[in-house]
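A.B. asks: With the sequence up front, the predicted model follows.
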Amino acid sequence: MTKLSRSWTLARTVWAMLLVAFSALLFAPPALSQGLVDAMRGPTPIPEQTKPPPIFPTENKDVRRTRNFAMQPPTIPHTIEGYQVDKEFNRCMFCHARTRTQETGAIPVSITHYQDRNGNMLADVSPRRYFCTQCHVAQADAKPLIGNNFVDVEQLLKRKPGVLGSTK
Ligand code: HEC
Ligand code: HEC
């Protein structure tokens, strides 16, 4: 009895493996022939190299950009090229730290940057806010790769009743 059931299990495993192999054969070729389309790569096949457009220069206007919502991390209005941010040194905090802003004229990082995840206030920037570019990004005057129909909540509130997204 044990012998029989063991051979059954084996047969079933082999069958399952064959099924997986076959389904791979069935589904893979169409995916390849259609060509993977990636917004960044375009239709260039994987083995070939793309010809990327030149990198846009980073905006450096020093004008603080309006935030789209209250808790948005503000975008960076200056270049950050070559700024060192690692365990030895944080170039951003060299200007944006509480104690440095009088000299540098930078906006001090807000109080949330000194809080740990339990809301405790720390003496220095919190580890979860240490790598600034996780949330803050420099800007370039480039055409967006994909569309965006974001509407500010203030405009949403002003929409006429019945219009999509209206709150009245
Ligand atoms: C040499 C000093 C200096 C350094 C280094 C620096 N900043 Fe700034 N930053 C400023 C100043 C000054 C402003 C105010 C606007 C301006 O003059 O560009 C500013 C503005 C900003 C703002 C806009 C804040 C707002 O409320 O709109 C952000 C975000 C910011 N910096 C992030 C960073 C990050 C991230 C780094 C590191 C990659 C960095 N900064 C490095 C001086 C600096
Ligand atoms: C996890 C995301 C995150 C990281 C990492 C982070 N920030 Fe922020 N930052 C925010 C958010 C969200 C805001 C806006 C709301 C707030 O103040 O908390 C903000 C606000 C700011 C402001 C504007 C403060 C004000 O009072 O207007 C500055 C300047 C800034 N951050 C700089 C930095 C610098 C420099 C670092 C790196 C040391 C950093 N941030 C790391 C999310 C982040």
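C.D. replies: Yep, it's here. Residues are numbered from 1 along each chain as shown. Ligands and ions are numbered 1, 2, ... in the order given.
A.B. asks: can we go C-alpha only for contacts and neighbour counts from here?
C.D. replies: OK.
A.B. asks: ok, residue 109 to ligand 2 distance?
C.D. replies: Going from residue 109 to ligand 2 by CA to the nearest ligand atom, to the nearest Å gives 4 Å.
A.B. asks: what does residue 71 give?
C.D. replies: Distance of residue 71 to ligand 2, given as CA to the nearest ligand atom: 4 Å.
A.B. asks: Let me see the backbone angles for that residue.
C.D. replies: With angles defined as degrees, to the nearest 10, residue 71 sits at phi -90, psi 20.
A.B. asks: how many other residues sit next to it?
C.D. replies: Neighbour count for residue 71, taken as other CA atoms under 10 Å: 7.
A.B. asks: Same question for residue 120.
C.D. replies: Count around residue 120 with other CA under 10 Å applied: 11.
A.B. asks: show me what contacts it?
C.D. replies: Contacts for residue 120 were tallied using CA atoms under 8 Å, 6 or more residues apart in numbering; there are none.
A.B. asks: Go again with 10 Å.
C.D. replies: Residue 120 is in contact with 112, 114, 126, counting by CA atoms under 10 Å, 6 or more residues apart in numbering.
A.B. asks: Out of those residues, which comes closest to ligand 1?
C.D. replies: Using CA to the nearest ligand atom, residue 112 comes nearest to ligand 1 of the contacts of residue 120, at 13.3 Å.
A.B. asks: Helix, strand, or coil at residue 55?
C.D. replies: Following DSSP: H, G, I helix; E, B strand; the rest coil, we place residue 55 in the coil state.
A.B. asks: And it, how close does it get to residue 101?
C.D. replies: Using CA to CA, to the nearest Å, one gets 31 Å for the distance from residue 55 to residue 101.
A.B. asks: Ok, residue 110 next?
C.D. replies: Using CA to CA, residue 110 is found at 12 Å from residue 101.
A.B. asks: And these two? Which one has more around it.
C.D. replies: Of the pair residue 110 and residue 101, residue 101 is the one with more neighbours under other CA under 10 Å, namely 16 against 12.
A.B. asks: how far away is that one from residue 60?
C.D. replies: From residue 101 to residue 60 the distance is 19 Å (CA to CA).
A.B. asks: now swap in residue 159 and tell me
C.D. replies: Taking CA to CA, one finds residue 159 at 35 Å from residue 60.
A.B. asks: Under the pLDDT cut-off, which ranges of the protein? List them.
C.D. replies: 1-7, 10, 20-36, 164-168 (pLDDT under 70).
A.B. asks: Break it down into its domains, please.
C.D. replies: Per automatic domain parsing, the structural domains of the chain span 1-44, 54-142.
A.B. asks: Let me know which of the ones you listed is tucked in deepest.
C.D. replies: Among the domains of the chain, domain 54-142 has the highest mean neighbour count (mean count of other CA atoms under 10 Å), at a mean of 13.
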